[in-house]
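Novice: Structure for the following, please:
(chains A and B)
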Amino acid sequence: MVKKKIIACEVVIDAMQAFLPDDVETETLPMSLHVNPKALRQKLQERIDALDGIYDPIVLGFGLCSQATIGLRATHSRLVIARTDDCIGIFLGSRDAYRQQMMKEPGTYFLTCGWAGANSGTPFNEYERSRERWGAERAKRLLKSMLRHYRRLVYINTAGKEAHLEAHDYARDIADKHSLHYEELEGQTNLIKKLIHGPWDDDCVLVPPGETVKLENFMTGNT
Amino acid sequence: MLEQLIKALAELEEDQVLDIVCKELAGGTEALSILQACQQGMAEVGDRFEKSEYFVSDLMMSGEIFKQVGELLEPGLQSATQVRAGAVVIGTVQGDIHDIGKDIVVNMLKSANLDVTDLGVDVPPAQFVEALKETDASVLAMSGLLTLAFDSMQETVSLIEAAGLRDKVRIMIGGGPVDGGVCKVVGADDWGADAQAAVRLAKTWLEIGVQA
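Specialist: Okay, the predicted model is just below:
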């Protein structure tokens, strides 16, 4: 029987670890790719091409990710992707759960353990870089402008990672510093488990061999 | 001097950019030419980001500089306008609060002598419909930076259809992840990759009218 293979972003793979059977092979891509969707798409297609026909399905521990997954294709294997906008939707359990949170407070910045680290590319993280380059005053003004309409910072407790306490403190500190209302949400594991074990139902995008991942798959599901 | 402006923006030299813009305005250079030079500088910033020469913080800085340029140019643009060439309703869709790009489009539409109703951010579909009725605008521009915004764009188009306004309104969308595929899925008429494209679309539509 042909085995499945999981390619996931390093942020997602952390939350997957607790549910991964020993015989499931995984590959991890760096989270830094998320700021450049074209580069992420290229990298994903390269990996799919290398695994095509050898593994089935090829499961992507990604969402739409700024459309980085649109246009991906395997000739011989099925592709499975989380039907969410990005990993925040994966951690919240579904695209709808994510959307509900954004409708409740659109000015929300989400952090998870994986996103609380250095070089994560968040505005908070980039603040340090801009401070070095432009000085504290400009860096502050820049961040203030970026966060103009943000009101809430939500920390999602994801499964797995051990460094949670540190990440909590980081998130709470960030919220405090930037006058954002701090909230914590319990991460859901249903979508993570589905990606690993199936069923690949409407919470996932399931693309047959030879077909291309389309935006419609994310907007309306597989039907 | 405009070459210097393009270079200064590409290099993210904030003070220099603002200084050149003020001097150009004082010297009588047309605001639109200044905006276009800045747009070229922004394109260079985008190229450098794609080549990994610039970081996210650099993109943020370019947006901040461009926003200030827009503010500097706006009064001049406003005083230069005469009879409005047409009406446009614009806003960032429900569930999304990003407006740096949208505000640049607003400034450029105003500079193109259009009557712009800016509904701000997190705009519910019903509010777009209401504004279209009130202003009698024949162009709607919806912005969104998040892919979550695609659903709101789709819902807004549906509500415009349900209100019986779809034949009277041309709809464009824009924002970071927007492309032709998104345009098709949400049911818009066209999309703009940058602020100039948005203005080009609005002008074309308003000159030729709808279903002329």
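Novice: For chain A, see how far away the residue sitting nearest the centre point of chain B is.
Specialist: Central residue of chain B (CA atoms, centre = their mean): residue B:105, 1.9 Å from the mean position. Remark: distance between residue B:105 and chain A (CB to the nearest CB, to the nearest Å) = 17 Å. C-beta: built from backbone N, CA, C; applies to glycine.
Novice: quick one: average confidence on the helix or strand that residue falls within?
Specialist: Assessed by DSSP states H and E, residue B:105 sits inside helix B:100-111. The pLDDT scores in helix B:100-111 average 83.
Novice: what's the next secondary structure element after it?
Specialist: Sequence-wise, the next helix or strand downstream of helix B:100-111 (DSSP H and E) is strand B:115-118.
Novice: quick one: strands adjacent to that next one?
Specialist: Strand B:115-118 has its sheet partners listed here by DSSP bridges as strand B:87-92 (parallel).
Novice: quick one: the strand it pairs with to helix B:100-111, angle?
Specialist: Using axes from the mean of the first three to the mean of the last three CA atoms, to 10 degrees, the inter-axis angle of strand B:87-92 relative to helix B:100-111 is 170 degrees.
Novice: Briefly note if the helix or strand hosting residue A:138 comes near chain B.
Specialist: According to DSSP H and E, residue A:138 maps onto helix A:136-146. Yes: using CB under 8 Å from any CB of the partner chain, helix A:136-146 reaches chain B at A:138, A:141-142, A:145-146.
Novice: Average pLDDT for the longest helix anywhere in chain B, rounded please.
Specialist: Taking DSSP state H as the criterion, chain B has its longest helix at helix B:56-80. The average pLDDT within helix B:56-80 is 79.
Novice: now that helix: how far from the chain's centre is it?
Specialist: Between the centre of helix B:56-80 and the centre of its chain there are 12 Å (CA atoms, centre = their mean, to the nearest Å).
Novice: From residue B:184, how far out is residue A:219?
Specialist: According to CB to CB, to the nearest Å, residue A:219 and residue B:184 sit 11 Å apart.
Novice: As PDB, could you dump the C-alpha coordinates of stretch B:145-160?
Specialist: As requested, the backbone C-alpha atoms of stretch B:145-160 are provided in PDB (Å, rounded to 0.1, in the frame of the first residue of the first chain):
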ATOM      1  CA  LEU B 145      -5.800  42.200   2.800                       C
ATOM      2  CA  LEU B 146      -6.900  38.900   4.300                       C
ATOM      3  CA  THR B 147      -8.100  36.000   2.200                       C
ATOM      4  CA  LEU B 148     -11.000  35.800   4.700                       C
ATOM      5  CA  ALA B 149     -12.100  39.000   3.000                       C
ATOM      6  CA  PHE B 150     -13.000  37.100  -0.200                       C
ATOM      7  CA  ASP B 151     -16.200  35.800   1.500                       C
ATOM      8  CA  SER B 152     -17.300  39.300   2.400                       C
ATOM      9  CA  MET B 153     -16.600  40.500  -1.100                       C
ATOM     10  CA  GLN B 154     -18.700  37.600  -2.500                       C
ATOM     11  CA  GLU B 155     -21.500  38.400   0.000                       C
ATOM     12  CA  THR B 156     -21.500  42.100  -0.900                       C
ATOM     13  CA  VAL B 157     -21.800  41.300  -4.600                       C
ATOM     14  CA  SER B 158     -24.700  38.900  -3.800                       C
ATOM     15  CA  LEU B 159     -26.400  41.600  -1.800                       C
ATOM     16  CA  ILE B 160     -26.000  44.200  -4.600                       C
END
